[in-house]
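Trainee: any chance you could fold what I've pasted below:
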Amino acid sequence: MTLITSGYTVGTNQPLTHARILWDFKAGAATGDGSGAALAANDYTAQRWDSEGAGAWVFEFDANQDVDTFVIAAHNLSGIAVTIGTSTDTTGGFTTRASFTPTDNTPIFIMANTAGGAAFDVRRYQVSVGAEAQIGIIRAGKALQMQQAFYGGHNVALWNRVTEGQQAFSETGQWLGRTQKRLAYSNSYEWQHITATWYRDNFEPFAQTLPLRPFAIAGNPAKMPQDVAWGWAQGDVSPQNMGVRNFVTMGMQVTGYAG
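Mentor: Predicted coordinates for the structure are as follows:
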């Protein structure tokens, strides 16, 4: 399970063939059952909140935020029931926005909004698990919706593995097998016919955080639900004028966390 659309309404949003990028993470504080709640709110995938049984993790923003996307990565939730809820204040109950049971441990990208297509007004959000779980990344916010879509020629992130292995030989040169040193996902995202004005106002603030900060991306939610990654860009984004009207083309190479 990688992409979940829970009551998501397109409305005036971009079609679901257009990529969503969650990158603008607002300040707040995490609390939760078990141990290490704050560890799921930092960028280090090796550091994880441990629920130590069925329990809940809560993040409270410093001020109310628009939220239409939730991301969970670096986890062991396969087979464990998960519920996500939101609250508009610091004391009230949580309204359920999504419930699911992952079938694997790949990154999870959850899209949810109001019946009219607007983002939820959120002060706190909660992730509840039905059994002991460890989670390294939990995020929520309003995703950047790309102005144009792509499909042909694009690889699905979770099918684009990069495995680094190490060969072992005996003293006499006999083959003793290979061991896996590192596994990641690597994918290229390319967009054309993006207006320069849209790029400046919408993508450039995100581009300024690269390649230093990680982010979540769903490349084409409608047609490629497994094209989901929690990762980081391999370099800066450099848009180029296409020579057609006011359009630019740009792209980025992304390495994704694979567990």
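Trainee: low-confidence ranges in the stretch 1-150 of the chain?
Mentor: The model of the stretch 1-150 of the chain has pLDDT under 70 over residues 1.
Trainee: the most centrally placed residue in the chain pairs with what?
Mentor: In the chain, the centroid-proximal residue (Cα atoms, centre = their mean) is Ala216; its distance is 2.8 Å. Counting by DSSP bridges, Ala216 forms beta bridges with Leu22, Trp230.
Trainee: how about the residue in the chain sticking out farthest from the centre, secondary structure?
Mentor: Centroid-distance maximum for the chain: Thr172 at 47.4 Å, with Cα atoms, centre = their mean. Per DSSP: H, G, I helix; E, B strand; the rest coil, the secondary structure class of Thr172 is coil.
Trainee: got a pLDDT number for it?
Mentor: pLDDT for Thr172: 74.
Trainee: next, it: phi, psi?
Mentor: When read as degrees, to the nearest 10, the backbone of Thr172 gives phi -100, psi 10.
Trainee: one more: Leu39?
Mentor: phi -70, psi -20.
Trainee: quick one: contacts for the closest residue to it other than its chain neighbours?
Mentor: Take Leu39 and drop its neighbours on the chain: the residue closest to it by Cβ to Cβ, 6 or more residues apart in numbering is Gln47, 4.1 Å away. Backbone N, C-alpha and C define where each C-beta goes, glycine included. By Cβ atoms under 8 Å, 6 or more residues apart in numbering, Gln47 lies in contact with 36, 39, 136.
Trainee: may I ask which of the residues you listed has the most neighbours?
Mentor: If you count neighbours using other Cβ atoms under 10 Å, the busiest of the contacts of Gln47 is Gly136, which has 23 neighbours.
Trainee: my read: that residue touches Ala41, true?
Mentor: No - with contact defined as Cβ atoms under 8 Å, Gly136 does not count as touching Ala41 (10.0 Å).
Trainee: joint contacts of these two?
Mentor: Joint contacts of Gly136 and Ala41 (Cβ under 8 Å, 6+ apart) do not exist.
Trainee: give the buried residues for stretch 234-254.
Mentor: For stretch 234-254, the neighbour count (16 or more other Cβ atoms under 10 Å) marks 237, 239, 247-252, 254 as buried.
Trainee: what's the closest of those to Gly85?
Mentor: Gly85 has its nearest neighbour among those in Val254, at 29.9 Å by Cβ to Cβ.
Trainee: state the helix or strand in which the closest one lies.
Mentor: strand 247-257 (DSSP states H and E).
Trainee: run through the helices of the stretch 51-200 of the chain in chain order.
Mentor: 196-198 (DSSP state H, counting those that start in this stretch).
Trainee: buried residues of stretch 29-39, list them for me.
Mentor: Under 16+ other Cβ under 10 Å, the buried positions of stretch 29-39 are 30, 32-34, 36-37, 39.
Trainee: how far out from the middle of the chain is that stretch?
Mentor: 20 Å (Cα atoms, centre = their mean, to the nearest Å).
Trainee: from one end of that stretch to the other, what's the distance?
Mentor: Chord length of stretch 29-39, first to last residue, is 11 Å (Cα to Cα, to the nearest Å).
Trainee: so what's the residue count around the residue nearest to Met146 when sequence neighbours are not counted?
Mentor: Of all residues beyond its chain neighbours, the one nearest Met146 is Ala19 (4.3 Å), with distances taken as Cβ to Cβ, 6+ apart. Look at Ala19: counted by other Cβ under 10 Å, it has 24 neighbours.
Trainee: and Glu60, how many residues sit next to it?
Mentor: Per other Cβ under 10 Å, the neighbour tally for Glu60 reads 16.
Trainee: in contact with the residue lying closest to Ile72 once chain neighbours are set aside, which residues?
Mentor: Distances taken as Cβ to Cβ, 6+ apart place Ile108 nearest to Ile72, at 4.4 Å, with adjacent residues excluded. By Cβ under 8 Å, 6+ apart, Ile108 lies in contact with 1-4, 71-73, 75, 77, 100, 102, 228.
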